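> missing the sequence, but the structure's below:
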């Protein structure tokens, strides 16, 4: 077993998963459940299943596309998403102008 690859994969996934919506959903399910072990096993199996799909998809893609291009595309996608998230997080550039005159409407009797 490649222990360096194991450690780097574990660290990357562990850090990426801390505080994400999957963990929050698991926390919510466990807090409202009488059987926390059932929630733990089900959430662990779900993560294993999604990871297995990712590994199979990655293996299939490397048969068609060279790994270096997949790494470059993934890096570019992360950069684009990061820029988009930062752009959206900054909020509106300026508050919307309220140029329309305000008309008061008297209540009907």
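That came in fine, so what should we check first? Here the structure is a predicted model, which means the values were calculated and not measured. Numbering: from 1, shown residues only.

> State the distance from the residue nearest to the spatial centre of the chain to residue 84.
With distances taken as C-alpha atoms, centre = their mean, residue 20 lies nearest the centre of the chain, 6.6 Å away. Noted for residue 20: a distance of 18 Å to residue 84, by C-beta to C-beta, to the nearest Å. (C-beta placed from N, C-alpha, C; glycine too.)

> same check, this time on residue 27
On the measure of C-beta to C-beta, residue 27 and residue 84 end up 28 Å apart.

> When the two are compared, which one has more neighbours?
Between residue 27 and residue 84, counted using other C-beta atoms under 10 Å, the more crowded position is residue 27 (13 against 10).

> contacts for whatever helix or strand that one lives in?
Here residue 27, judged by DSSP states H and E, is contained in helix 21-31. The contact list for helix 21-31 (C-beta atoms under 8 Å, 6 or more residues apart in numbering) reads 17, 36, 39, 40, 43, 47.

> Likewise for stretch 49-65?
So stretch 49-65 is contacted by 13, 70 (C-beta under 8 Å, 6+ apart).
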